[in-house]
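In: got a structure for you, letters missing:
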Ligand code: AMP
Ligand code: MG
């Protein structure tokens, strides 16, 4: 049994400077693979119960952001952790290269419309952070434009939180060699090769630029209102149980409860 909650161990303290090289992506914080299946299964049962009440109560919107370099395990996290949730009430949005329509608006326009409603847990697979990540690495807008976005993102997230949304942001951390193995495995597996793009290798060549961009986003945009968690993600089993535990703790704090039964419904009704 780990001594501390992963929520406390993995949160980026607001105002602190993140150096990813100082974090071990294979760390498992005292958890063991042999116990992981059971731990994850229990975590998913807990999440399912919490979401059932959250949805029934229809009071709190929850936003979960997933970021990480290519092959860090964003899709796998959706598959293995968010599968605890009923699809009703758990919209997943994949943010791809913006369409022409999306490009004709400000960068938050396409994002805001997918923000969660009350009782929903909205999952962002990539997010508005791409606008300070890929956009920065590839100079898709001038530096003076992306530089301003950290504060804009904090302001926008704070507004959502002040209006009642709970925001949890997970950054999945793998190292360069783990990415190499995953790309190779993806390429070698006929059921996964479709996911492999030659462009992934070009992005891989920009590893250090991505690290710099991630570090600045994590350092500047982990706020009390909307903290980032850096999840050591070289081991899928640990990534899954860490995300499940943190999300469970965050949802638990909302104390979601089934609605009070309408007083016109009798306590001893037998339906014929
Ligand atoms: P994937 O997640 O592998 O399906 O790929 C989605 C691609 O869309 C990634 O290469 C992202 O970097 C890219 N993408 C997502 N958001 C943006 C954005 N705002 N501007 C440019 N590219 C983006
Ligand atoms: Mg990809």
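Out: Sure thing, it's come through. This one's a predicted model, so the numbers in the text were calculated from it and none came from an experiment. Ligands and ions are numbered 1, 2, ... in the order given.

In: stretch 163-178 and ligand 1 in contact?
Out: No: contact of stretch 163-178 with ligand 1 (C-beta under 6 Å from any ligand atom) is absent, the minimum separation being 12.4 Å. Every C-beta, even on glycine, is put in place using the N, C-alpha and C of the backbone.

In: let's number from 9 now, not from 1
Out: With the count now opening at 9, the last piece we talked about shows up as stretch 171-186.

In: for this structure, which spans come out with low pLDDT?
Out: 9-11 (pLDDT under 70).

In: how about the residues of the stretch 59-208 of the chain near ligand 1?
Out: Taking C-beta under 6 Å from any ligand atom as the test, the list of the stretch 59-208 of the chain residues beside ligand 1 reads 103, 104, 105, 106, 134, 138, 139, 142, 143.

In: and for the fifth one, the neighbour number?
Out: This means residue 134. Residue neighbour count, defined by other C-beta atoms under 10 Å, stands at 17 for residue 134.

In: list the contacts for it?
Out: Neighbouring residues of residue 134 by C-beta atoms under 8 Å, 6 or more residues apart in numbering: 74, 75, 82, 102, 103, 104.

In: how about the last one?
Out: For residue 143, the set of contacting residues under the criterion of C-beta under 8 Å, 6+ apart consists of 115, 149, 154.

In: the residue nearest to the spatial centre of the chain pairs with what?
Out: Among the residues of the chain, residue 74 comes closest to the average C-alpha position under C-alpha atoms, centre = their mean, at 2.7 Å. Partner residues in beta bridges with residue 74, using DSSP bridges, are residue 133, residue 178.

In: my guess is it contacts residue 180. True?
Out: Yes: in this structure residue 74 lies within contact range of residue 180 using C-beta atoms under 8 Å: 6.9 Å.
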